[in-house]
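In: From the sequence below, what's the structure:
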Amino acid sequence: MAKQAPATRPGARGSRSGRPIMALLDLLGRRWTLRIIWELRETALTSRALRAACDEASPTIVQTRLTELREAGFVELTDDGYGLTALGRELFQTFTPLNRFAERWSRQHAG
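Out: Numbers count the residues shown, from 1 in each chain. From the prediction side, this is the model:
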């Protein structure tokens with residue numbers, strides 16, 4: 001009897017493993033996702049303000065990404081607009097060391 005591949009968890013496009021890290025990397029690798037998280041790092045923004053902060057990204061793609069991030073528990077809609085949840089702020093904090101590394105790397109490879 002042939003061995004069946006494990007079921008894929010929602011959001012783990014292209015992954016048969018369904019492992020949480022694969023689902024997270026898939027979500028974060030989608031166009032504009034990291035930028036949206038970055039722009040929401042300090043304060044909530046309305047949809048219009050978020051689009052402006054994201055270089056006038058398509059309203060459709062911004063809304064799609066916001067929906068995905070809300071479903072994943074990283075973003076919530078507040079009275080002030082879209083903001084990071086506690087989980088979203090924790091996710092952002094995990095990028096801090098990577099951002100420092102990227103800055104050092106960029107300086108070393110500039111020119």
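In: which residues in this structure form strands?
Out: 75-78, 81-84 (DSSP state E).
In: right, and these - which one's nearest residue 24?
Out: strand 75-78 (14.3 Å; CB to CB). Every residue, glycine included, has its C-beta placed from N, CA and C.
In: Enumerate every residue touching residue 30.
Out: Residues near residue 30 by CB atoms under 8 Å, 6 or more residues apart in numbering: 65, 68.
In: hang on, the earlier thing: with mean neighbour count added, can I get the strands of the chain in JSON lines?
Out: Shown next, in JSON lines, are the strands of the chain (neighbours: other CB atoms under 10 Å):
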{"stretch": "strand 75-78", "mean neighbour count": "16"}
{"stretch": "strand 81-84", "mean neighbour count": "19"}
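In: Format those strands as CSV; extra columns: mean pLDDT.
Out: Formatted as CSV, these follow (pLDDT from 0 to 100):
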stretch, mean pLDDT
strand 75-78, 97
strand 81-84, 98
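In: now those in JSON lines, with distance to residue 51?
Out: Listed next are these as JSON lines, based on distance: least, CB to CB, whole Å:
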{"stretch": "strand 75-78", "distance to residue 51": "14"}
{"stretch": "strand 81-84", "distance to residue 51": "11"}
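In: Could you point out which of those strands sits nearest residue 59?
Out: Among the strands of the chain, strand 81-84 comes nearest to residue 59, with 13.1 Å by CB to CB.
In: quick one on the thing from earlier: residue 105: which of the strands of the chain is closest?
Out: Nearest of the strands of the chain to residue 105, taken as CB to CB: strand 81-84 at 25.7 Å.
In: helices and strands around whichever helix in the chain runs longest, which ones?
Out: Counting by DSSP state H, the longest helix found in the chain is helix 86-108. With contacts taken as 3 or more CB pairs under 8 Å, 6 or more residues apart in numbering; DSSP states H and E, helix 86-108 sits against helix 33-39.
In: go again using 10 Å as the cut-off
Out: Here helix 86-108 touches helix 20-28, helix 33-39, helix 59-71, strand 75-78, strand 81-84, going by 3 or more CB pairs under 10 Å, 6 or more residues apart in numbering; DSSP states H and E.
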